[in-house]
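# Next comes the sequence, and after it the predicted model I'd like to discuss.
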Protein chains: 2
Amino acid sequence: MLKAALRRGVSKPSCLSSIRFSSSVAAQYFPNEPIKPQFVSETIPGPKSQALNNELGEVFDNRATYFVADYVNSLGNYISDVDGNKLLDVYCQIASIPLGYNNPALIEAAKSDDMLYAIIDRPALACFPSSNYKQILQEGILAAAPPGMTKVWTALSGSDANETAYKAAFMYQHAHKRGSLDFTHEELTSVMNNKAPGASDMVILSFDKGFHGRLFGSLSTTRSKAIHKLDIPAFPWPKAPFPALKYPLEEFKQENHAEEVKCLEEFERIIVEDYKPHSIAAIIVEPVQSEGGDNHATSFFFQGLRDITLKHEILMIVDEVQTGVGASGKFWAHEHWNLTTPPDMVSFSKKFQAAGFYFSNPELQPNQPYRQFNTWCGDPSKAIIARAIYQEVSKHGLVEKTAQVGDYLYDGLKQLVNKYSSKVSNLRGENYGTFIAWDCYDADVRNKVLLESRKRGVNIGGCGDVSIRLRPTLTFERKHAEILLQVLEDVFRVV
Amino acid sequence: MLKAALRRGVSKPSCLSSIRFSSSVAAQYFPNEPIKPQFVSETIPGPKSQALNNELGEVFDNRATYFVADYVNSLGNYISDVDGNKLLDVYCQIASIPLGYNNPALIEAAKSDDMLYAIIDRPALACFPSSNYKQILQEGILAAAPPGMTKVWTALSGSDANETAYKAAFMYQHAHKRGSLDFTHEELTSVMNNKAPGASDMVILSFDKGFHGRLFGSLSTTRSKAIHKLDIPAFPWPKAPFPALKYPLEEFKQENHAEEVKCLEEFERIIVEDYKPHSIAAIIVEPVQSEGGDNHATSFFFQGLRDITLKHEILMIVDEVQTGVGASGKFWAHEHWNLTTPPDMVSFSKKFQAAGFYFSNPELQPNQPYRQFNTWCGDPSKAIIARAIYQEVSKHGLVEKTAQVGDYLYDGLKQLVNKYSSKVSNLRGENYGTFIAWDCYDADVRNKVLLESRKRGVNIGGCGDVSIRLRPTLTFERKHAEILLQVLEDVFRVV
């Protein structure tokens, strides 16, 4: 009962808070966690990192490497590199690593018999499911499902989750159009030539600056950066504008509301004027456009999207690949919206540490078997890790704790952003856990902030053109926030 | 030296064969492997299987389930279901499971420290690679690479491997066209609207009845069955005919040659007449069209494809997702062709037990970082299992052994097919390891053969419209083949 309430971000009696959540979970998990960043090499990447990375480059495209990591010696919120440097990690494998490096609960899950058999006898889950698969899902991923979502599809990555969600949307919409009729001869033959009517001419609508993955379907909905898309064929799918809010929000309340109204109007105009009825299968939207620059919108905007999609019988897919599993201060970021009707599908991945999934209601299951299907249909080893993550998050109230430390961190950053307002601005993520970001004066300053932070022992990531995003673990606490704030002040001073 | 020779399928002195390969590897791995199928329930799926599957269906699309498996009690070539039946498995999780269930070498790999850290600290491999990633690749996957292929891209499934290979092909071809020029303003802006010239208008050509996956790009190249494709948008990419050979091959030598010549001519006609030069980025072809019905072609056909692709500067991707890793009697099925020039990319997955990969030469690496990129860029836990698989295959000469048992099995099946020629025909896979298939009189007979085999304790799979395919482990030996042949004879008699 309490667990469920916490998961949904419902407030609880403060007495309980002090009893259950006052101690440091990080200290319980990681009694030997470093108390601050540790330096061994003069630069990061250091000489060993550079040498190993050069060797790896002979066989693997590694030109985006920050440094070569030593996972054996990483612990909690600190990632170690092969030179022995230990960095406070607030990037966390691009917004993953929910419970910290080498978390004892994950070690236990990894050493379990369930895990052993999942690894050595990998099943084709939709043909020969393992006897414990339902239990694994139910004790883990499904226990975390938002209201109304009783089905889960298990995929292998965020992209894969989004693409299979798109497929479910297309099949659902066409089944509705078709009613009780069978596939026609023309559909059955044209599809083998990749042509309509058998191949769908419906579309998925996404939002400007959104990111939904890099496979062909998901990439057609990704609108983050040209370099992600150049030279790859894309479906002629539409995009709608996403609000560009001004900060501080309290100062631009009216202007921002007008911006969101304008975006909603343009969204509905595209649906009504650019497309025939029932030709947009679904929209996909992130609660915060993460790769695209940590762009937020208000609940008003998202409720507007939900209302318009319902009105025009378009499905609404919420992409929680980056926002899901607690970092926003609620288990699912879309819980911040208090929608009057739940979304149709929710995709997620990263903070359940790999694999990808989507939730849906039972209606979204295709009307025949073998339509949503592939050899693996997921990976039980990943569902087992997700179960352990969910159970720890739940047991230790890590969503609530993340909301609390996020508030502390936001307040500290607010002071810094005010103090160094010529260099950094547009602080985002108030009351949004540790899912915090800000802009830098330009890309050059941004890149310097990333570099100087790493030099001072903080591993941090950028997004968009000039933004910096924080993506720490759910065991990131006040003591870590204090170090982060100190380092950022030092960095803001010198950049 | 010997290992390398074996891997390439080069013949070796017969004395060595008898010394090194005479003993039963299955008996070494699995001293307690069942000696024959074991029945507990009257039907398969039995009552426990049905009950558990009904429960699973509440949360997961499981309408394609054969039976619910008990992996803890599966061993070697025998899969156990939850009712306690033990079936000789010649389907093996849709052509996976290389070393048998609960193989001790995989148990060791799964319990290794390398595996532990790969699971609990899953890295974003292209940003923070682990210190041992090159070693894992080099001792495993890359040690198995065909000549000239020194680079590997690590993906998460066969579909993912093919799609990232397509992306590499598109980027390579456009880089060639563009020469030393930068992206134009028009390219940079048009791509954000999913339009040319920034979005590619080049195509991937695939073959009629080919199967290359079910995500949006790979599904556009899949031509196996309408149900795989219906209602899903597809790129307008072309297909060419794949030879429909007649059997027995020795009887239809001339006719089959004419068929392959005709297909090659049509292939080149499509390239020359239907497309402008340099508008087909790549072709993708399976050594045996597996999902599409186990359709073979001769080396002459594949050499023809290679010659024509080279002539027109089109890349050649060989999809070894189902054929790779030994089942064909060579490590890579395309080694049967003795091509004068290696293919440009080779994708693979299943028998390396999950994940997906492609090999390429260094030229196929995109000209900038972050173009072939995603959060995970593979999964070290899968590369660790692949390493263990490669090392066992190599140590025990399992490719060579599979070639031998395949010959025995083929001979036995040849007799059966002759004896029951009104029901089964078109035996395929001579000198092709255990990668053997045949046709049944019609779909009804085929489905009966599958059902009756399962009743008699053999788990077996179909493909295409009327075909049955054998996909046993690489530890499938003469003793297992004898049981299989006996069961098939019983089944052919009654269907």
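Arrived safely, thanks for sending.
# end-to-end on stretch A:145-159?
End-to-end span of stretch A:145-159 (CA to CA, to the nearest Å): 20 Å.
# Please state the mean pLDDT value computed over that stretch.
Stretch A:145-159 carries an average pLDDT of 93.
# Quick check: buried residues in it?
Neighbour counts using 16 or more other CB atoms under 10 Å in any protein chain shown place A:145, A:146, A:149, A:151, A:152, A:153, A:154, A:155, A:156, A:157, A:158, A:159 of stretch A:145-159 among the buried residues. Backbone N, C-alpha and C define where each C-beta goes, glycine included.
# wait, what's in contact with the one residue in the stretch 1-150 of chain A that gets nearest to chain B?
As assessed by CB to the nearest CB, chain B sits closest to residue A:63 within the stretch 1-150 of chain A, at 3.5 Å. Residues in contact with residue A:63, defined by CB atoms under 8 Å, 6 or more residues apart in numbering or on different chains, are A:57, B:368, B:369.
# and if you look at residue A:302?
Taking CB under 8 Å, 6+ apart, we find residue A:302 in contact with A:285, A:287, A:334, A:337, A:339.
# tell me the domain boundaries of chain A?
A:2-103+A:397-494, A:114-395 (automatic domain parsing).
# Of all the ones you listed, which one is nearest residue B:426?
For residue B:426, the closest of the domains of chain A is domain A:114-395, at 22.2 Å, according to CB to CB.
# so how far is the first residue of the closest one from its last?
OK, domain A:114-395 end separation, CA to CA: 21 Å.
# same thing with stretch A:173-193?
21 Å.
# Residue A:346: what secondary structure?
Following DSSP: H, G, I helix; E, B strand; the rest coil, the label given to residue A:346 is strand.
# oh, I was asking about residue A:191
Recorded secondary structure, residue A:191: helix (three-state DSSP).
# Please list only the buried members of the contacts of residue A:63.
For these, a burial check counting by 16+ other CB under 10 Å picks out residue A:57.
# Let's have the contacts of residue A:63 in JSON lines, adding distance to residue B:78 and pLDDT.
Below are those laid out as JSON lines (distance: CB to CB, whole Å; pLDDT from 0 to 100):
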{"residue": "A:57", "distance to residue B:78": "44", "pLDDT": "94"}
{"residue": "B:368", "distance to residue B:78": "50", "pLDDT": "88"}
{"residue": "B:369", "distance to residue B:78": "47", "pLDDT": "89"}
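# between the contacts of residue A:63, which is closest to residue B:279?
Taking CB to CB as the measure, residue B:279 lies nearest residue B:368 of the contacts of residue A:63, at 23.0 Å.
# Could you tell me which residues make contact with that closest one?
Contact analysis of residue B:368 by CB under 8 Å, 6+ apart lists A:63, A:227.
# Now it. Its backbone dihedrals?
The phi/psi pair for residue B:368 (degrees, to the nearest 10) reads phi -140, psi 150.
# Where does residue A:55 sit, in terms of helix or strand?
Taking DSSP states H and E as the criterion, residue A:55 maps to helix A:47-57.
# for residue A:468, same thing?
According to DSSP H and E, residue A:468 maps onto strand A:467-469.
# Please work out the average pLDDT along the helix or strand following that strand.
Note on strand A:467-469: by DSSP H and E, the next helix or strand toward the C-terminus is helix A:478-494. Mean pLDDT, helix A:478-494: 98.
# buried residues in helix A:478-494?
Buried residues in helix A:478-494 (16+ other CB under 10 Å): A:479, A:480, A:481, A:483, A:484, A:485, A:487, A:488, A:491, A:492.
# before we move on, what about stretch A:166-181?
For stretch A:166-181, burial by neighbour count (16+ other CB under 10 Å) applies to A:166, A:167, A:168, A:169, A:170, A:171, A:172, A:173, A:174, A:175.
# any idea how far the third one lies from residue A:174?
Applying CB to CB, to the nearest Å, the value for residue A:168 to residue A:174 is 11 Å.
# Please consider this matter closed, and thank you.
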